[in-house]
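Peer 1: predicted model, plus sequence, below.
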Amino acid sequence: MPARAANWVELLTPQLTEAFYQGFTDSGRRASLIPQVFNTRTSARAFEEHFGVGVLSSQGWDFEKTGRVQYDDRAKGFTKRYTHVQFAKGTTVERRLVDDNLTDIAFDDAHALGDSAFRKREKGAASVLNGAFTDSGTNDDGMPYAGGDGVGLCSTAHPRSAEDSTTQSNEGTLALTADNLGETRRLHMKLTDDTGDIMDVMPDLVIIPLELEDAALQAGLSPLEPDTANNAINPQQGRFRYLVWNYLTDGNAWFMVDSARRARSLLWYDRIPLEFAPQGDFDTLQARWRAYMRYSYGSRDWAWIYGNNPS
């Protein structure tokens, strides 16, 4: 076969590359939720940085009384830095596999490497919620759990601004029920900005682990209250979309989300998109192919989400 010639590595590369990307985009597996949950962007720098600022107060519009225009300034917010991290992993193919017509093994290895890259990214993305109640440290990808305000994504102690230490909460301990959906929605919509005004949060999505899928169907999709004998109308029906994320590790925790705010706040930066290429010294009769990607992710703000972490 032609691949037994000295250029066997070059001849294998196109086929292995195809197998690798098939593994990464396997149609038989659930599609990536990263594009659904994150605002995905590209980057051409070593890091991206967002400088937060407050809002302009709803006060000071009393021109009719004072006869003067009042000029206002926005308070200093928190800074969020996204530092892109490198990720690489490889597979080895021995020359004898080619000679013995066992290239299917090499193709399976490339396919498995693509699948591994997919799972690596999904686990990292889900860690934003898996670590939402953690105030310090970093996840396995080196991304910090705390936001720019120094506490976790879901916390009882979010400071109002960099200049005002007054705190408020987007963390609870309620189980997923119809009543608790309504209570969490009320608490989420009551959040205030750095001037004390209502933020006008509009939650429309609930993200849940596999373990809470049935509870979500009962709590939010049933037209009648499932736990009452008189089958009263369930006011939560139709209020939310539900997203089941099988990479969430806590079977009790669930999250209410304002999708519009989420799109502005929860960011994923692809610095170097996933690539696959031959690597190393081929004189050993062992060829290596490596996958490489570089990215960062995280949330620049917290008001888009309200997390419940029942014990």
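Peer 2: Everything's here; your move.
Peer 1: from here on, just use CA atoms for contacts and neighbour counts.
Peer 2: Noted.
Peer 1: mind checking pLDDT for residue 309?
Peer 2: For residue 309, the pLDDT comes out at 97.
Peer 1: right, I mislabeled it, should have said residue 220
Peer 2: Reported pLDDT for residue 220: 65.
Peer 1: check the one 10 residues further on too.
Peer 2: For residue 230, the model assigns a pLDDT of 59.
Peer 1: burial of the residue lying closest to residue 112 once chain neighbours are set aside, as a residue count?
Peer 2: In space, and not counting its chain neighbours, residue 112 is closest to residue 23: 6.1 Å by CA to CA, 6 or more residues apart in numbering. Neighbourhood size, residue 23 [other CA atoms under 10 Å]: 24.
Peer 1: quick check: residue 23 vs residue 119, distance?
Peer 2: Per CA to CA, to the nearest Å, residue 23 is found 11 Å from residue 119.
Peer 1: and for the closest residue to residue 311 other than its chain neighbours, the neighbour number?
Peer 2: Spatial nearest neighbour of residue 311, excluding adjacent residues (CA to CA, 6+ apart): residue 173 at 7.2 Å. A count of neighbours around residue 173, defined by other CA under 10 Å, yields 15.
Peer 1: cool, and residue 142?
Peer 2: 13.
Peer 1: for it, list the residues it contacts.
Peer 2: residue 85 (CA atoms under 8 Å, 6 or more residues apart in numbering).
Peer 1: helices and strands around the helix or strand in which residue 82 is found, which ones?
Peer 2: Element membership for residue 82 (DSSP states H and E) is strand 76-83. In terms of contacts (3 or more CA pairs under 8 Å, 6 or more residues apart in numbering; DSSP states H and E), strand 76-83 is packed against strand 47-53, strand 158-161, strand 286-299.
Peer 1: can you tell me what sits against it?
Peer 2: So strand 76-83 is contacted by 46-54, 147-149, 161-163, 269, 295-300 (CA under 8 Å, 6+ apart).
Peer 1: which among those residues count as buried?
Peer 2: The neighbour-count criterion (16 or more other CA atoms under 10 Å) marks 52-54, 147-149, 161-162, 269, 295-300 among those as buried.
Peer 1: ok, those residues vs residue 238, which is closest?
Peer 2: Nearest to residue 238 among the buried ones among the contacts of strand 76-83: residue 299, at 27.4 Å, using CA to CA.
Peer 1: check what pLDDT that closest one gets.
Peer 2: So residue 299 comes in at 97 (pLDDT).
Peer 1: quick one, phi psi at the closest residue to it other than its chain neighbours?
Peer 2: Distance criterion CA to CA, 6+ apart; nearest residue to residue 299, sequence neighbours excluded, is residue 266 at 4.3 Å. Torsion angles at residue 266 (phi, psi; degrees, to the nearest 10) stand at phi -100, psi 110.
Peer 1: nearest the geometric middle of this protein, what residue?
Peer 2: In the chain, the centroid-proximal residue (CA atoms, centre = their mean) is residue 125; its distance is 4.0 Å.
Peer 1: surely that one meets residue 297?
Peer 2: Yes - at 7.3 Å, residue 125 counts as touching residue 297 under the criterion of CA atoms under 8 Å.
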